[in-house]
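**Student:** The following comprises the amino acid sequence and a computationally predicted model.
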Amino acid sequence: MKKLFPFAIVALFFAFQYCVQPPDYPLEPVIEYVGLSKNLMQQGTGNEDFLFVTFSFTDGDDDLGYPETDPTASVFIRDSRDSFAKPPLQLPYVEPQGAGNGISGEITIKLPTVCCIYIENGIPSACEDVPVTMAFDTFHYFIKIRDRAGHESNEIKTEAITLKCQQ
């Protein structure tokens, strides 16, 4: 019996090795909304307040992000109120893992506050021109990413974000 024990261990190792399958992610990134750090901000021009958005990702060809020397954008954000693109962000370079099975993880991005939007006579207001009667503004962000091969992810939508328009 003692002579068979080492063979049983080796056989058990090989049995587990062949049962574990590497992930089979698609070539294009896939993202899923995880959450916000908060959903209430004071309106402003960008530096007064901020929030963090977290989302998970998978990428089958393991090519997210760009080296610091390459300023190519890879995170794209839209505001639901006007659908205009916000300044894009750059994901840090993810070193290929070598197995060719793709990567997965979570990404957290920091987004600055924005202005409440009040439209009068078809013209949107500036931050300081919001009428006293408008106390809050609500919107969502739409986010997608692009990998180095140019594959774009699906687009996710955050939960509602409320801006406090008055001081």
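**Tutor:** Ah, there it is.
**Student:** Tell me what residue 103 is bridged to.
**Tutor:** residue 59 (DSSP bridges).
**Student:** cool, the one 4 residues further on as well?
**Tutor:** According to DSSP bridges, residue 55 are recorded as the beta-bridge partners of residue 107.
**Student:** Spatially central residue in the protein, please.
**Tutor:** residue 55 (4.5 Å; CA atoms, centre = their mean).
**Student:** ok, it - contacts?
**Tutor:** Contacts were defined as CB atoms under 8 Å, 6 or more residues apart in numbering; by that measure residue 55 touches 31, 32, 33, 34, 106, 107, 143, 156. Heads up, the C-betas are built off the backbone N, CA and C, glycines and all.
**Student:** Identify the residue nearest the third one in space, chain neighbours excluded?
**Tutor:** Counting by CB to CB, 6 or more residues apart in numbering, the nearest residue to residue 33 once its immediate chain neighbours are dropped is residue 156, at 4.3 Å.
**Student:** doesn't residue 109 make contact with the one you found?
**Tutor:** No. Counting by CB atoms under 8 Å, residue 109 is not a contact partner of residue 156; they are 11.7 Å apart.
**Student:** what's the following helix or strand after the worst-scoring helix or strand of the chain on mean pLDDT?
**Tutor:** Across the helices and strands of the chain, the lowest-confidence element by mean pLDDT, DSSP states H and E is helix 5-19, at a mean of 46. Scanning forward in sequence from helix 5-19 by DSSP states H and E, the next helix or strand is strand 30-36.
**Student:** That'll do, ta.
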